[in-house]
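S.K.: give me a 3D structure for the following:
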Amino acid sequence: MEQLLAILWLMSLIGILYANPTYEPTSFESTACPEKCLCVLDTLHPRVYCNYRKLDVIPDNIPTSTDLLYLQLNNFIEIPDHAFQHLENLTFVTASNNKIQSLAAHTFQSNSKLTSIDLKNNEISTISPQAFDSLINLVSLNLRFNKITELSSLAFKHLHNLRTLILFNNAITRIAPDAFDGLDSLTNLYLTNNNIHTLPDNVFSSLKNLKELHLDGNPMQCCHVQAALGQLIAQPTSQLKVLRGTCMLGPDLTLDISNIYSLVCPVVISA
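M.R.: Have a look, this model is predicted:
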């Protein structure tokens, strides 16, 4: 697999060169590029490829004009809080397939132009409440296949333009009642394959533009989802069209829009 990825990467570089027969390295590429990376100057999207380099730390001399940054398939265990502070033009970054364990406060403090972050396939277990504070233009956040156990209060409060939040295949057991407050534009939420047993009442009620909610693979009772949605799908203006989940109320019981209000949690009678 590693050999195949290396071949595909090399082919992409060859394609870049042959796409422009008059290509000549610029100062951006030849003098400012980190030693083990490839920097490509594009009039619209300057991009830096530091992927698949067996790097242990994120290079500190990434060109300031970088728009697209590729850091996947390395050995990073952290993103230092100063790593991207000089990259004010950054709109996309991927650091997937590393060993990153946490996201510190203000990791992306200087990167308000970011629209997409991909951190899938890491070992992230904790996220500072201030990690995403400045990301007012972020549209997509991919955190799947990590080790996140909890979504804390107001974890995404400044992500007013976020549309897609991918959290499936983590280890989430607890979601704070106001964890999703502030996600005014969210349309797609993926919580599949976690360890969620219960959901706070009205936890999804603030997601007025939500169109898809995926809860498959969690050991929960469907009636808890009803309370978590609150009045969201009862409102005439509700945008929710796709609701996916499996329940503990019976064998192969599938949760969807059509049956959400017909499910009642069993009454537990104490001895």
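S.K.: residue contacts, the closest residue to Lys157 other than its chain neighbours?
M.R.: Excluding the flanking residues, the one nearest Lys157 by CB to CB, 6 or more residues apart in numbering is Gly182, at 3.7 Å. From N, CA and C alone the C-beta is placed, and that goes for glycine too. The neighbours of Gly182, taking CB atoms under 8 Å, 6 or more residues apart in numbering as the test, are 154, 156-160, 206.
S.K.: next one: Asp67
M.R.: 42, 44-47, 89-92.
S.K.: can I get the residues you listed in JSON lines with pLDDT and secondary structure?
M.R.: Formatted as JSON lines, the contacts of Asp67 follow (pLDDT from 0 to 100; DSSP: H, G, I helix; E, B strand; the rest coil):
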{"residue": "Asp42", "pLDDT": "76", "secondary structure": "coil"}
{"residue": "Leu44", "pLDDT": "89", "secondary structure": "coil"}
{"residue": "His45", "pLDDT": "92", "secondary structure": "coil"}
{"residue": "Pro46", "pLDDT": "95", "secondary structure": "coil"}
{"residue": "Arg47", "pLDDT": "95", "secondary structure": "strand"}
{"residue": "Asn89", "pLDDT": "96", "secondary structure": "coil"}
{"residue": "Leu90", "pLDDT": "97", "secondary structure": "coil"}
{"residue": "Thr91", "pLDDT": "98", "secondary structure": "coil"}
{"residue": "Phe92", "pLDDT": "98", "secondary structure": "strand"}
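S.K.: out of the residues you listed, which are buried?
M.R.: With burial judged by 16 or more other CB atoms under 10 Å, the buried subset of the contacts of Asp67 is 46-47, 89-92.
S.K.: now render those residues as TSV, adding distance to Cys223.
M.R.: Compiled in TSV, the buried ones among the contacts of Asp67 are given as follows (distance: CB to CB, whole Å):
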residue	distance to Cys223
Pro46	52
Arg47	48
Asn89	48
Leu90	44
Thr91	42
Phe92	40
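S.K.: nearest to Asn169, out of those residues: which one, please.
M.R.: When these are compared for distance to Asn169 (CB to CB), Phe92 wins out at 22.3 Å.
S.K.: element containing the residue nearest to Lys157, please.
M.R.: Gly182 is part of no helix or strand, with elements assigned from DSSP states H and E.
S.K.: picking up where we left off before, just flag the most distant two among the contacts of Gly182.
M.R.: Across these, the longest distance by CB to CB is 14.2 Å; it joins His158 and Ser206.
S.K.: buried subset of the contacts of Gly182 as a PyMOL selection?
M.R.: Burial among the contacts of Gly182 is assessed by 16+ other CB under 10 Å; the matching PyMOL selection reads:
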select buried, resi 156+157+158+159+206
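S.K.: rank the helices and strands of the protein by mean pLDDT and give me the bottom one.
M.R.: None of the helices or strands of the chain scores lower by mean pLDDT, DSSP states H and E than helix 27-30, at a mean of 39.
S.K.: pLDDT score for Ala83?
M.R.: Note on Ala83: pLDDT of 94.
S.K.: identify the residues contacting Thr94.
M.R.: For Thr94, the contact set (CB under 8 Å, 6+ apart) comprises 51, 69-72, 117-119.
S.K.: could you find which two of those residues are furthest from each other?
M.R.: Spatially, the most separated pair among the contacts of Thr94 is Asn51 and Ile117, at 15.2 Å (CB to CB).
S.K.: following element in sequence after the least confident helix or strand of the chain, please.
M.R.: strand 38-40.
S.K.: what lines up beside that following strand in the sheet?
M.R.: Next to strand 38-40 in the sheet, as set by DSSP bridges, lie strand 47-49 (antiparallel).
S.K.: circling back to that earlier point, more neighbours, Asn51 and Ile117?
M.R.: More crowded of Asn51 and Ile117, by other CB atoms under 10 Å: Ile117, with 23 against 20.
S.K.: quick one: that one is in a helix?
M.R.: No - counting by DSSP: H, G, I helix; E, B strand; the rest coil, Ile117 is located in no helix; its state is strand.
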